[in-house]
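S.K.: Got a sequence here, can you model it:
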Amino acid sequence: MESKNCLGILLIAIVFMMFMSCDKNVNENPWEEEPSDYYFTVKFDGNGGYGEPPYPEYCIRGESIILPDAYELYKYGYFFNGWSANSAGTGRRYDVGSDFTPTSNITLYARWTNEEEPDFSVTVTFNRNGGIGTLPSPITVKYGDTINLPSGSGLTKSGYIFEGWDPAPYADRAYYYAGSEFWMYDNITLYAVWVDASTTYTVYFDINGGFGTTPVSQTVSVGSSITLPSGNGFSGGELSFAGWNTSPYGYGDNYSANSSYVVYHEITFYAKWVTSNPEGIYVGIVKFADIAEDITYNTPVLLNSSSKTSLLDRLNNNYVIANDIGTSMFYGVHRALANLKNNETSYPANLDSVNIVTFTDGLDNQSAGLSRLPMYTIEGKQFANNSAYADYIRQQIDSQYIAGVPINAYSVGVRGGDVTDSTAFLNNLAAIASPGKSQELSNFSDVQSTFNTIADGLNITHTSTSFTMVTNLLDSSTKVRMTFDVNNTSSASAEGSTRFIEGVINVTGSTYTLTNITYGSGVSSDAGTGPITGTIVGTRVNFAFNNISGYNPASDLSNTRQWLIAPGSLASWQHNSEYSSAGSSSSSVEKRSAIIYLILDCSTSLSTTEINQIRTASINFINSLYDRYNQ
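M.R.: Next up is the predicted model:
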C-alpha cells in the first residue's frame, strides 16, 4: 500500500513537471530563453575594412545560411576575397553565395588581398525559378568587379510578381533587387524570386521617440511604389530628422525623405534622429584635373569669420594648375555628391537648399578610367566609359535628395582652345547641371558676373515686411483705404491711387474685423481678402498685414495716408488727418541654411592668368555669400 502511494505521488509529480514544461513552451519564446539550444549566431567582421559589415544571421541548428557579399565594406588597395573563420585569413576560404552550416556561435572575418587584381573572370547566371520568358544573359566580368543586376523584365509567372534575385531557389523574399550592385567573387547562379500578385503589404512609420503626428501607414499591392514621408508634422526636439531607417537604432538601410520605395513585404520605417550642426551657409570645394581632391577635406565647412579666412587660404594655396595631364570632371562632381551624402546626418535642421557649381574649360577624358582604379573608386561605382559616367551623374543630380532637399546644380564653361567638338562640350556641361542651369561663356572675364548671378539666385536670406493698419474705434461698415503713393490730401488722388490696401470694418460686440480686403497694383499680403481680426490697444485697433509685398517702408512711409468713407455715405474718400504712419511697419530678415559645393577645373590646359581669374571669382563668390548672410 505504501509503495502504491509513492508510485502515485511520483506519477503526479511527473505530470506536473510535464505540464509546467508545456506551459513554458507555449507562453515563452524559446529562442530568447535558451538561444544556444535552438540556433547559432553568425556575425561578420570587416577585419580592417571600412563601412558596415553584413548584419548578423541566426541559423537553426543543423541548417545552413547563404553567405552574403561584402555589403558596404571596402578597403583601399585591397580586394574582398570571401570570408574566413579567423582574422589572419588562414585556413578555408568561404565564398560569397555558398552554403555555410555553423556548429557554434561564430564570427566570420572578411578576407582582404593586396595582390594585383586577379586576371581571371567569374560569371553570374540567372534561373527563371518557375517563371517563363527570356532570361537575362549571363554576365562575365573580372574577379572583384561589380555589376548592376538586371530587372527580369522579360520574365513572367502567372499570378506572381518578380521581386528580385537570391542565391537560394527557395527564398521567399529577395536578397538582391533589380539594379542593385553585386560584387563578383565567384561563379554563381541567382534565382528569380516570385511574390503572389494578390498580396498586399502595409508600410508602417514610427517617429522613433519624436514629437508630433506619426505618418499614416500605407497599404498597397506588392510591387507598388510609395513616396516616403517628408518629415513634416513631427520633430525631434533638439535633434534633426535625417530620413528613415529600417532599424529603430539606425543600423538598417537608410532612405531619404521624399524618396521612392517599392513595396515587396511588410516593413516599418523608423525616423532617424541626429544631432544637427548650427544653421548657416556650408561651403565645400573640389578641384579636379587628372584626379579630384576635396580641399575642404570631404566635409562642407560652416561659413563664419574664421572659416572664411581658412577657405580663402585654401583657394590661394591649393587651387593651382595640376602637375599631370587629364580632366576628370564627372569624377569631381561625383566626389562632391558622395561627400554631400556622407555628411547628410550632420546638416542643419532647417536646410533650405543644396547647390553645386562646376567650372570647366574642357572635355572629360578620364573619369571612367579613374573609377576603375580601386584606390580611386567612389561608392564602389565603376564605369566602362565616360558616357556611362555622365549618364550616372545626370541621374543623380535629377533624383537624389540630400537631407530631404533636392540638388540644384549649375555648370559654367569657357571652351578651351584644345576643344574642337563644341557639341560634346555643351553635352558635358548639361550632364553636370540641373535642367536649364548650364551656361557656356565666351571668355574668362565673364566668370565673375556669372558667379555673382548664381549667388543672387541662392536666396540665402529673405526679408519679410509687415504693415499694421491702425484705426480708431470706427463704426461697422466703415470703408478704410491706406494709400502708399499719394502725397496730398485730395480725395481725387485717393480715388486714383494704384498702390493701396482697402477693406470694410465689421463690428460684433467688442470684436473688430476687416473684411472684403482688396489691393492696388503690385500690393499683396498673407492676409489675402481677409477677414482679419483686429487687436484692440487702448482706443486703437490694429490690423496686421504680414509678409506684404509692393510696399517699401524706406520710401513709402512718408506717403502712407489713411482715407475713410462713413457707413451709408455717398461722399468720396475723406482724408484722416489724425492718422500717423509712425511705427506702422517692420521688417525681419529670415536666414536660410544652404550648402554650396564649388567644383573647379585646374587642368593643365588652363593658363596661370585663367586660374587666377577663376580663383578670384570663387573668392568673391564666398565673400558675397558671407556678406549676404551676415548683413
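
S.K.: Which positions within stretch 463-476 qualify as buried?
M.R.: Buried residues in stretch 463-476, counting neighbours by 16 or more other CB atoms under 10 Å, are found at 465-471, 474. C-betas here are computed from N, CA, C, even on glycine.

S.K.: In JSON lines, list those residues along with distance to Asn86, secondary structure and pLDDT.
M.R.: Output for these, formatted as JSON lines (distance: CB to CB, whole Å; DSSP: H, G, I helix; E, B strand; the rest coil; pLDDT from 0 to 100):
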{"residue": "Thr465", "distance to Asn86": "70", "secondary structure": "strand", "pLDDT": "85"}
{"residue": "Ser466", "distance to Asn86": "70", "secondary structure": "strand", "pLDDT": "87"}
{"residue": "Phe467", "distance to Asn86": "75", "secondary structure": "strand", "pLDDT": "90"}
{"residue": "Thr468", "distance to Asn86": "76", "secondary structure": "strand", "pLDDT": "92"}
{"residue": "Met469", "distance to Asn86": "80", "secondary structure": "strand", "pLDDT": "93"}
{"residue": "Val470", "distance to Asn86": "82", "secondary structure": "strand", "pLDDT": "93"}
{"residue": "Thr471", "distance to Asn86": "85", "secondary structure": "strand", "pLDDT": "94"}
{"residue": "Leu474", "distance to Asn86": "89", "secondary structure": "coil", "pLDDT": "94"}
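
S.K.: Distance to Ala554 added to those, as a markdown table?
M.R.: Formatted as a markdown table, the buried residues of stretch 463-476 follow (distance: CB to CB, whole Å):
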| residue | distance to Ala554 |
| --- | --- |
| Thr465 | 10 |
| Ser466 | 14 |
| Phe467 | 13 |
| Thr468 | 17 |
| Met469 | 19 |
| Val470 | 20 |
| Thr471 | 24 |
| Leu474 | 29 |
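
S.K.: of those residues, closest to Gly62?
M.R.: Ser466 (74.0 Å; CB to CB).

S.K.: Hmm, Ser586 and that closest one touching each other?
M.R.: Yes. Under the criterion of CB atoms under 8 Å, Ser466 makes contact with Ser586 at 5.2 Å.

S.K.: ok, Ile321 - how many residues close by?
M.R.: 14 (other CB atoms under 10 Å).

S.K.: quick one: contacts for it?
M.R.: 289, 602-604, 606, 608, 611 (CB atoms under 8 Å, 6 or more residues apart in numbering).

S.K.: ditto for Arg111
M.R.: 47, 80-84, 89, 93.

S.K.: same thing with Ser371?
M.R.: Ser371 neighbours (CB under 8 Å, 6+ apart): 331, 334, 377-378, 381-383, 389.

S.K.: State the phi and psi torsions of it.
M.R.: Dihedral angles of Ser371 (phi, psi; degrees, to the nearest 10) stand at phi -70, psi -20.

S.K.: if I look at it, how far off is Tyr176?
M.R.: 22 Å (CB to CB, to the nearest Å).

S.K.: Give me the buried entries from the contacts of Arg111.
M.R.: Judged by 16+ other CB under 10 Å, buried ones among the contacts of Arg111: 47, 80-84, 89.

S.K.: of all the contacts of Ile321, which two lie farthest apart?
M.R.: Checking the contacts of Ile321 with CB to CB, the most distant pair is Ala289 and Thr608, at 14.4 Å.

S.K.: quick one, helices of the protein?
M.R.: Using DSSP state H, the helices of the chain run over 2-27, 30-33, 305-318, 329-342, 367-371, 386-399, 422-431, 447-456, 491-495, 553-556, 608-629.

S.K.: Quick check: which of those helices is buried the most?
M.R.: Mean neighbours per residue, mean count of other CB atoms under 10 Å, is largest over those for helix 329-342, with a mean of 24.

S.K.: Now Arg540: closest residue in space that isn't a chain neighbour?
M.R.: Nearest in space to Arg540, with sequence neighbours left out and distances taken as CB to CB, 6 or more residues apart in numbering, is Val470 at 5.6 Å.

S.K.: pretty sure that neighbour contacts Tyr579?
M.R.: Yes. With contact defined as CB under 8 Å, Val470 counts as touching Tyr579 (7.4 Å).

S.K.: Redo the contacts of Arg111 as CSV? Include distance to Ser521 and pLDDT.
M.R.: As requested, the contacts of Arg111 are exported to CSV (distance: CB to CB, whole Å; pLDDT from 0 to 100):
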residue, distance to Ser521, pLDDT
Asn47, 71, 90
Phe80, 68, 83
Asn81, 73, 82
Gly82, 74, 86
Trp83, 73, 89
Ser84, 77, 89
Gly89, 78, 75
Arg93, 79, 79
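
S.K.: which one of the residues you listed sits closest to Ile532?
M.R.: For these, the nearest to Ile532 is Phe80 (66.2 Å; CB to CB).

S.K.: what sits opposite the residue nearest to the spatial centre of the chain in the beta ladder?
M.R.: Residue closest to the average C-alpha location in the chain (CA atoms, centre = their mean): Ile402, at 2.4 Å. Beta bridges link Ile402 to Val405 when assigned by DSSP bridges.

S.K.: tell me the contacts of Gln613?
M.R.: 444-445, 447-448.

S.K.: got the residues you listed as TSV, with distance to Pro169 and pLDDT columns?
M.R.: Below are these laid out as TSV (distance: CB to CB, whole Å; pLDDT from 0 to 100):
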residue	distance to Pro169	pLDDT
Phe444	62	88
Ser445	66	87
Val447	59	89
Gln448	63	89
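
S.K.: Closest to Gln218 out of the buried residues of stretch 463-476?
M.R.: For the buried residues of stretch 463-476, the nearest to Gln218 is Ser466 (40.1 Å; CB to CB).
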